[in-house]
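Q: return atomic coordinates for the entry below.
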Amino acid sequence: MSQTTEIVAHVVSGVVHSLRVSLYREWGVPYPWLRKSPMVRFKTDRAWPQPSPISDKMPPAVLHVPAEEKQEFLAQIVSRFQRQVTYSWLAAITYLKGTPHLDCPDDATFTRHLTHSVYSYFLTRELDDADLRLLAAHGIDARSVWKSDLSPVSTVEAFPGLHCAGSVCYFREVSPAEFEVLGIAMVDRDFQLGALIQPMDGSAWKLAKVHALQGSTYLSLFVTHPRCHFPMDAIIAVTRTCLPETHRVWKLLDPHMYLQVPLDYSVLHIKNGPGYNDPRLYYTAFSGGGRSQYRLFEYSFAGMAGHAAFPPYHFGFLLERERNAYLEFMAGYHQVILAFVREVLADMELDDAVREWAKQCAHYSRGFGPADGVLDKEQLAFRVATIMWNCSVVHSADHWEFFNIPMEHKPTRLRVPPPFEKRAHVFDLAALTHVEDRLRQDMWHEVYVRPWPLHKLTEVDYGFEEPALQRANRGFVGALAAYDESLAGHGFIPLAEIATSIQY
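A: Model (predicted):
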């Protein structure tokens, strides 16, 4: 080969190499060298956490979703979404003819919603001075009183003609985990309590319950449920960047990361999504929009000073809260998952890869662990199990429980102002909403709320090659089934409906 030919060959080789790298980065054209080269510390097709463009009070965001995840998301989720947006309004016509108005539940049902469902996240024993003064003014002994704090909703700036107000609901614990409702006080934009509306107050009481249910709906979707979504995005990005796919921690987490990053991106950063709530779209259901609603996301992670029900987020916080029936149910699943993770990690070395992973997770997830990434085996098992549990059990249970509260008890738009004063009110179900409001609510409920599990926890396969770990995988599925069977009649999500990940 002549010198000139050799030089040309080297140049062409370099140009082809550069072109293949560029094609991979721009279009995802496979280039095996990028996956096996020791010169590449992290895979170039992996995302990485960044500061949230919405607010510095939000958790780190993953803004660059890998191309293959986008394609899977478009194929599995967006295609279904588009079908529903195109055709679901036809089914809504039939529904709205039969159920044209909202419903006001009786006191027992209202109490069950607020204290024995996904809404129990808002319950707290801690009463502040304003609560104590209000209760004392009505001769109510504050002992054994709990409150459901729905105050953050007061910050929502409602569209013209609509109303959205926070409230505080008071309950007396008459026996362990059994409550009776005492009253509701609306909360104004300055977080001042209105009059205590009580069950004997007729139409004012019904109106207060409907507004409290709207507040519960808002907070479930914009404050409590987002805590299982968005903080995990950074952990997923770190996992997919720092750990090789052969690593046991990767294998444990892989089924639980499916579709979450593109899904969360679409919720937060696309203006035709539920967060932004563009009122020009007929399937957006809420009373406010844009910045006004994103403020609730801030309370979800930064917390709300002076409100015990809304402390700042930190990793694993749900397992530290005082247990009610709903949290106790989910905590039982955590114990099953933790036992399985301990078994899988028992003989695994805490290598440099997992230490770097833990270090980066600690940096991007508040409360995950020490900044130097030094975790012992039990700490590692707890954190891995908590991620798995959060993305499967917690997310699916929240959706299932919220969906199964009747839609007529989940107002998203109300056209009658709340009762801040104890005076005569006219309660008319037909006046609460317009046809447009109910159409929006029905569309939103079907598109965003109904559970749509694609991969189920009962079918989870971690892809282990070792026979012992394959047996552990099968044993884990059996242990989940045994726990589910032991809870017959518990009233919460059945195991068969739990998805492996945040995938809908």
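
Q: count the neighbours of F301 for me.
A: 20 (other Cβ atoms under 10 Å). (C-beta placed from N, C-alpha, C; glycine too.)

Q: nope, E343 is what I was after
A: What E343 shows, counting by other Cβ under 10 Å, is a neighbour count of 17.

Q: who's in contact with the strand or helix carrying it?
A: Per DSSP states H and E, E343 falls inside helix 325-345. With contact meaning Cβ atoms under 8 Å, 6 or more residues apart in numbering, helix 325-345 is reached by 116-118, 120-121, 177, 248-249, 252, 318-319, 321, 323, 377-378, 380-382, 384-386, 388-389, 393-394, 397, 401, 462, 464, 469, 472, 475-476, 479-480, 483, 487, 490, 492.

Q: among those, which are in helices?
A: 248-249, 252, 377-378, 380-382, 384-386, 388-389, 397, 401, 469, 472, 475-476, 479-480, 483 (DSSP state H).

Q: drop anything exposed from those.
A: Taking 16 or more other Cβ atoms under 10 Å as the criterion, what is buried in those is 248-249, 252, 380-382, 384-386, 388-389, 397, 401, 469, 472, 476, 479-480, 483.

Q: which secondary element of this protein has the worst mean pLDDT?
A: None of the helices or strands of the chain scores lower by mean pLDDT, DSSP states H and E than helix 32-36, at a mean of 73.

Q: quick check: mean pLDDT across the helix or strand following it?
A: Scanning forward in sequence from helix 32-36 by DSSP H and E, the next helix or strand is helix 67-73. When pLDDT is averaged along helix 67-73, the result is 93.

Q: contacts for the helix or strand hosting S292 next, please.
A: Secondary structure assignment for S292, by DSSP H and E: helix 291-302. Taking contacts as Cβ under 8 Å, 6+ apart, the residues outside helix 291-302 that touch it are 54-55, 57-59, 152-153, 155-157, 218-219, 222-224, 226-227, 230-231, 268, 275-277, 286, 310, 312-313.

Q: same question, stretch 435-447
A: Outside stretch 435-447, the residues that touch it by Cβ under 8 Å, 6+ apart are 81, 84-85, 88-89, 91-92, 95-96, 100-102, 274, 282-285, 403, 407, 410-413, 415, 433.

Q: buried subset of those residues?
A: 81, 84-85, 88-89, 92, 95-96, 102, 274, 283-285, 403, 407, 410-413, 433.

Q: so which of those are in helices?
A: Filtering the buried ones among the contacts of stretch 435-447 for helices - DSSP H - leaves 81, 84-85, 88-89, 92, 95-96, 403.

Q: what is the most widely separated pair among those?
A: Using Cβ to Cβ, those reach their maximum pairwise distance at F81 and L96, which is 21.0 Å.

Q: so what's the residue nearest to R355 when sequence neighbours are not counted up against?
A: Leaving aside its chain neighbours, R355 sits nearest to G373 (4.6 Å; criterion: Cβ to Cβ, 6 or more residues apart in numbering). Counting by Cβ under 8 Å, 6+ apart, G373 makes contact with 355-360, 362.

Q: low-confidence ranges in this protein?
A: Across the chain, the ranges flagged by pLDDT under 70 are 1, 35-45.

Q: got the domain ranges for it?
A: Domain segmentation of the chain under automatic domain parsing yields 3-36, 67-82+224-404+449-497.

Q: highest mean neighbour count out of those?
A: Mean neighbours per residue, mean count of other Cβ atoms under 10 Å, is largest over these for domain 67-82+224-404+449-497, with a mean of 18.

Q: that domain: end-to-end distance?
A: With Cα to Cα, to the nearest Å as the measure, domain 67-82+224-404+449-497 spans 29 Å from end to end.

Q: using PDB, list the CA coordinates for the helix or strand L213 falls within.
A: The secondary structure element spanning L213 is helix 202-219 (assigned by DSSP H and E). C-alpha atoms of helix 202-219 as PDB (Å, rounded to 0.1, in the frame of the first residue of the first chain):
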ATOM      1  CA  GLY A 202     -77.800  21.800  56.000                       C
ATOM      2  CA  SER A 203     -76.900  23.100  52.500                       C
ATOM      3  CA  ALA A 204     -73.700  24.900  53.800                       C
ATOM      4  CA  TRP A 205     -72.500  21.500  55.000                       C
ATOM      5  CA  LYS A 206     -73.100  19.800  51.700                       C
ATOM      6  CA  LEU A 207     -71.400  22.600  49.900                       C
ATOM      7  CA  ALA A 208     -68.400  22.400  52.300                       C
ATOM      8  CA  LYS A 209     -68.100  18.700  51.700                       C
ATOM      9  CA  VAL A 210     -68.100  19.200  47.900                       C
ATOM     10  CA  HIS A 211     -65.300  21.800  48.100                       C
ATOM     11  CA  ALA A 212     -63.300  19.600  50.500                       C
ATOM     12  CA  LEU A 213     -63.600  16.800  48.000                       C
ATOM     13  CA  GLN A 214     -62.300  19.100  45.200                       C
ATOM     14  CA  GLY A 215     -59.400  20.000  47.500                       C
ATOM     15  CA  SER A 216     -58.600  16.400  48.100                       C
ATOM     16  CA  THR A 217     -58.700  15.700  44.400                       C
ATOM     17  CA  TYR A 218     -56.300  18.500  43.700                       C
ATOM     18  CA  LEU A 219     -53.800  17.600  46.500                       C
END
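
Q: the helix or strand harbouring V181: which residues count as buried?
A: Following DSSP H and E, one finds V181 within strand 178-187. By neighbour count on 16+ other Cβ under 10 Å, the buried set for strand 178-187 is 179, 181-187.

Q: what about F329, distance to H113?
A: Distance, F329 to H113, by Cβ to Cβ, to the nearest Å: 16 Å.

Q: toward the C-terminus, what is the element adjacent to the helix holding L213?
A: Remark: after helix 202-219, the chain's next helix or strand is helix 226-229, criterion DSSP H and E.

Q: who are the packing partners of that following helix?
A: Here helix 226-229 touches helix 260-269, helix 291-302, helix 395-404, going by 3 or more Cβ pairs under 8 Å, 6 or more residues apart in numbering; DSSP states H and E.

Q: can you list these in JSON lines and add distance to D347?
A: What follows is the helices and strands packed on helix 226-229, written out as JSON lines (distance: least, Cβ to Cβ, whole Å):
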{"stretch": "helix 260-269", "distance to D347": "29"}
{"stretch": "helix 291-302", "distance to D347": "37"}
{"stretch": "helix 395-404", "distance to D347": "31"}
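
Q: name the helices or strands packed onto the helix with the most length in the chain?
A: Looking across the chain with DSSP H, the single longest helix is helix 3-27. Packing partners of helix 3-27 (3+ Cβ pairs under 8 Å, 6+ apart): helix 32-36.
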